[in-house]
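> could you work out the structure for the sequence below:
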Amino acid sequence: MNLEGGDREDKIINQVEAALNGDAEKVSTSRFTSLLASKDRDYLLSPTGSQVKVSDLEGHVVGLYFSANWYSPCQNFNRVLSSAYEQLKTNRSNFEVVFISADEDLSAFSSYYSSMPWLAIPFSDLESKKALSRKFDVEGIPCLIILQPDGNKEEEVLYDGVELVHRYGVEAFPFTRERLEQLEREEKEKHENQTITNLLSSDDRDYLLGRHSTTGQVPVASLVGKTLGLFFSAQWCLPGMKFTPKLTSIYHKIKHAISQRPGVEDFEIIYVSSDRDRASFDSYFALMPWLTLPFGDPNIRLLTRHFDVHSIPCLVILGPDGKTVTKHGRSLINLYQEKAYPFTEARLALLHRQMDEEAKGLPKSEFHAGHHHKLTLVSDSTSGGPFICCDCDEQGSGWAYQCLECGYEVHTKCVRAVGGALTVGP
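Just a heads-up that it's a prediction; the model follows:
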């Protein structure tokens, strides 16, 4: 009997469910064949264009990779996953990835798939792709579902493969619960024992670089006892380029304030580069007045993973003892400027109380030059929490002016009043 449309898709979904549940009566073929093959296809595509039998995946840990070329986070993760995949293949690990495309047409699929070293479901097999997306409740991309070779139980399926690869890289393999629990224990121990020295130095380097020849190599040991900011960014990152002048200004203000108060711990920033070439690194770092890790230093990847940095720019603050104070330095700079220093919970609690007091003197509503609706003064508790300012494109939290009609939201400091302000006080 020929199956078309929804009937065929429903049958594929039943096969997928049977494979996951280990139902031998429903599935006469191998597990991965039931998941990834169809009535008319028993193969996957390889990067060379050849056909690879789905049954060849038996005995492998398989990652189902839902992605598309039109979404930049997919392209960014694609590079991360490709690096991990190549390393695992070099080590002869039994790991394989199957690309399940969400591209809009064959041309886009072909272009995107040309950058991948793994297998793929043919673009034309729409029913199989839809069935897999429905079965695994894929609501966003990139998404990496990890299946174990002998794991027929639903609880053995890992749905957070993207986060695991970002966080642990190849060390996450073979992606078993036991391995991940071990990594979590090791990560907890590393954070508990982290110091400025073991974070920023290595066996063959005990220094950082200054921007000018007069500063040259700065010993990591000289930073012990200071509050530090690890600035993860890159020249290709437009939000990073936009935030850098603001951070530079705040940096100078903090340094000046410290110089006026003898005995206060010093402050320093270290650039952790994600630049793609040396010329970009040199050009971008020339704009910065602080220190940097050498371009391409192995510690860059270790720090990115250690602090679970998924997006840039990111400013991680370390206390004088080397322990993490906050990973949200960027938003704190945007919200409090130089007043955020030294970024401790006690300092932030004081600033929050001050903001609440200042909000009592702000108009309950404003007409802003950059928006056509009235804006209402709201707090974290009434607006839904942190936001991106629609005027300066930077993060914010606490008090803000929000359009209750369309959700437009700006920092209180970004409002350019054009008259019509109403009564004062929150």
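> elements contacting the lengthiest helix in the chain?
The helix that spans the most residues within the chain, counting by DSSP state H, is helix 238-259. Taking 3 or more Cβ pairs under 8 Å, 6 or more residues apart in numbering; DSSP states H and E as contact, the helices and strands that helix 238-259 lies on are strand 227-233, strand 267-273, helix 329-336. Every residue, glycine included, has its C-beta placed from N, CA and C.
> and those as a markdown table, adding mean neighbour count and distance to C314?
Listed next are the helices and strands packed on helix 238-259 as a markdown table, based on neighbours: other Cβ atoms under 10 Å; distance: least, Cβ to Cβ, whole Å:
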| stretch | mean neighbour count | distance to C314 |
| --- | --- | --- |
| strand 227-233 | 24 | 4 |
| strand 267-273 | 23 | 9 |
| helix 329-336 | 22 | 6 |
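> if we can go back for a sec, show the average pLDDT along the longest helix of the chain.
Taken as a whole, helix 238-259 carries a mean pLDDT of 94.
> for that helix, give me every contacting residue.
Helix 238-259 has contacts (Cβ atoms under 8 Å, 6 or more residues apart in numbering) with 231, 233-235, 264-267, 269, 284, 287-290, 312-313, 315, 330, 333-334, 337-338, 341, 393-394.
> which of the residues you listed are buried?
Those of the contacts of helix 238-259 that meet the buried threshold are 231, 233-235, 267, 269, 284, 288, 290, 312-313, 315, 330, 333-334, 338, 341, 394, by 16 or more other Cβ atoms under 10 Å.
> state whether D393 is indeed within a strand.
No: the assignment for D393 (DSSP: H, G, I helix; E, B strand; the rest coil) gives coil, which keeps it out of a strand.
> isn't D308 right up against G169?
No: between D308 and G169 there is no contact under Cβ atoms under 8 Å: 11.9 Å.
> residue ranges of the helices in the protein, please?
Using DSSP H, helices in the chain cover 5-21, 31-36, 72-90, 106-113, 126-135, 161-168, 177-193, 196-200, 238-259, 278-285, 298-306, 329-336, 345-359, 380-383.
> burial count for P219?
12 (other Cβ atoms under 10 Å).
> in space, not sequence, find me the middle residue of the chain.
H310 (2.0 Å; Cα atoms, centre = their mean).
> quick one: the closest residue in space to that one that isn't next to it in sequence from Y85, how far?
Distances taken as Cβ to Cβ, 6 or more residues apart in numbering place H166 nearest to H310, at 5.6 Å, with adjacent residues excluded. Using Cβ to Cβ, to the nearest Å, H166 is found at 14 Å from Y85.
> repeat that for D204.
28 Å.
> tell me which of the two has more neighbours.
Neighbour count, other Cβ under 10 Å: between D204 and Y85, Y85 has more, with 21 against 6.
> thinking again about what came up before, can you lay out the helices and strands packed on helix 238-259 as TSV showing distance to M116 and mean pLDDT?
Below are these laid out as TSV (distance: least, Cβ to Cβ, whole Å; pLDDT from 0 to 100):
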stretch	distance to M116	mean pLDDT
strand 227-233	26	97
strand 267-273	26	96
helix 329-336	32	89
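> same list (those) but as CSV, adding distance to L44.
CSV is the format used below for these (distance: least, Cβ to Cβ, whole Å):
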stretch, distance to L44
strand 227-233, 36
strand 267-273, 37
helix 329-336, 42
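> low-scoring pLDDT stretches of the stretch 51-200 of the chain, where are they?
Counting by pLDDT under 70, the stretch 51-200 of the chain shows low-confidence ranges at 151-155.
> chain center to stretch 31-42, what's the gap?
With Cα atoms, centre = their mean, to the nearest Å as the basis, stretch 31-42 stands 33 Å off its chain's centre.
> keeping just the C-alphas, turn that stretch into CSV.
Once non-C-alpha atoms are left out, stretch 31-42 reads as follows in CSV (Å, rounded to 0.1, in the frame of the first residue of the first chain):
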residue,chain,number,x,y,z
ARG,A,31,17.3,0.9,15.7
PHE,A,32,19.0,3.6,13.7
THR,A,33,17.4,2.3,10.5
SER,A,34,14.0,2.7,12.0
LEU,A,35,14.9,6.3,13.1
LEU,A,36,16.7,7.6,10.1
ALA,A,37,15.6,5.5,7.0
SER,A,38,12.3,5.6,5.2
LYS,A,39,10.3,3.3,3.0
ASP,A,40,12.2,4.4,-0.1
ARG,A,41,15.6,5.2,1.4
ASP,A,42,18.0,3.1,3.5
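> average pLDDT for it?
For stretch 31-42, mean pLDDT is 86.
> let me see the contact set for the residue nearest to S273 when sequence neighbours are not counted.
Using Cβ to Cβ, 6+ apart and skipping residues adjacent in sequence, the residue nearest S273 is F281, 5.3 Å away. F281 is in contact with Q235, S273, D275, F295, counting by Cβ under 8 Å, 6+ apart.
> same thing but 10 Å
F281 makes contact with A234, Q235, Y271, S273, S274, D275, T292, P294, F295, G296, according to Cβ atoms under 10 Å, 6 or more residues apart in numbering.
> quick one: which of D308 and G169 has more around it?
More crowded of D308 and G169, by other Cβ under 10 Å: G169, with 19 against 14.
> correct me, but that one touches Q87?
Yes: counting by Cβ atoms under 10 Å, G169 touches Q87, with 7.8 Å between them.
> show me the shaky parts of the stretch 301-426 of the chain.
For the stretch 301-426 of the chain, the ranges with pLDDT under 70 are 381, 383-385, 419-426.
> make it 90
When residues are selected by pLDDT under 90, those of the stretch 301-426 of the chain lie in 301-302, 305-306, 308, 310-311, 331, 334-337, 351-407, 409-426.
> about what we covered before: neighbours around the residue nearest to H310, how many?
H166 has 22 neighbouring residues, counting by other Cβ under 10 Å.
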